[in-house]
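> I need the structure of the sequence given here:
(one chain, ligands or ions: 2)
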Amino acid sequence: MENCIFCKIIKGEIPAKKEYESDSIFVFHDITPQAPIHLLIIPKVHINSMNDIASLDPKVTNEIFQVIPKLAEKNGIHEKGYRLVNNCGSYGGQTVGHLHFHLLGGRHLQWPPG
Ligand code: 5GP
Ligand code: ZN
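Ligands and ions are numbered 1, 2, ... in the order given. Okay, the predicted model is just below:
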């Protein structure tokens, strides 16, 4: 997708701190971390938001969720816990229109969100 920041990160056209990559997914550190660990997990195929999850190959959806606890363990937040966030649409606070999941950890996170 042209002009999508995250597609450009996947292609290496915009630099990012890569955490993990497979044929189908890409994981990198958020540029404005909201916690000591703040990773973004994205499918390589461009999908606008959670509303379009049905168009993602279920194998890729599964891979995303399978990799999350592995990333948590590798980053030392597995034991104490972490939060997985998807912001969908303007009311959900989505600012980048490429489906992504935030993995946040390393501090005690508050609830409810603002
Ligand atoms: P959203 O607000 O859409 O749920 O999350 C988008 C996230 O992408 C934000 O947390 C923001 O800090 C992050 N972000 C936006 N642009 C870039 C970028 O160029 N590089 C990286 N690494 N993160 C970005
Ligand atoms: Zn994209």
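> which residue ranges form the strands in the chain?
18-21, 25-29, 37-43, 82-85, 101-105 (DSSP state E).
> Near the residue nearest to Met50 when sequence neighbours are not counted, how many other residues are there?
Distances taken as Cβ to Cβ, 6 or more residues apart in numbering place Cys88 nearest to Met50, at 4.2 Å, with adjacent residues excluded. All C-beta atoms are positioned from the backbone trio N, CA, C, and that covers glycine. Using other Cβ atoms under 10 Å, Cys88 has 15 neighbouring residues.
> do the same with Ile9
20.
> wait, doesn't it sit right on Glu19?
No. If you go by Cβ atoms under 8 Å, Ile9 and Glu19 don't touch, sitting 11.8 Å apart.
> tell me, what's touching the two both at once?
Phe28 (Cβ atoms under 8 Å, 6 or more residues apart in numbering).
> and the gap between Asp52 and Gly89?
11 Å (Cβ to Cβ, to the nearest Å).
> what do you get for Ile47?
Distance from Ile47 to Gly89, by Cβ to Cβ: 14 Å.
> before we move on, what about Val45?
Counting by Cβ to Cβ - Val45 and Gly89 are separated by 20 Å.
> If you count surrounding residues, which of those two has more?
Using other Cβ under 10 Å as the criterion, Val45 and Gly89 rank with Val45 on top: 16 against 12.
> ok, the more buried one touching Val60?
Yes. Here Val45 reaches Val60: they are 7.3 Å apart, a contact under Cβ under 8 Å.
> who touches both of these two?
Common contact partners of Val45 and Val60 (Cβ under 8 Å, 6+ apart): Ser24.
> can you list the residues of this protein near ligand 2?
With Cβ under 5 Å from the ion as the criterion, the chain meets ligand 2 at residues Met1, Cys4, Phe6, Cys7, His46, His98.
> Mark which of the residues you listed are buried, thanks.
Using 16 or more other Cβ atoms under 10 Å as the burial test, these include Phe6, Cys7, His46, His98 as buried.
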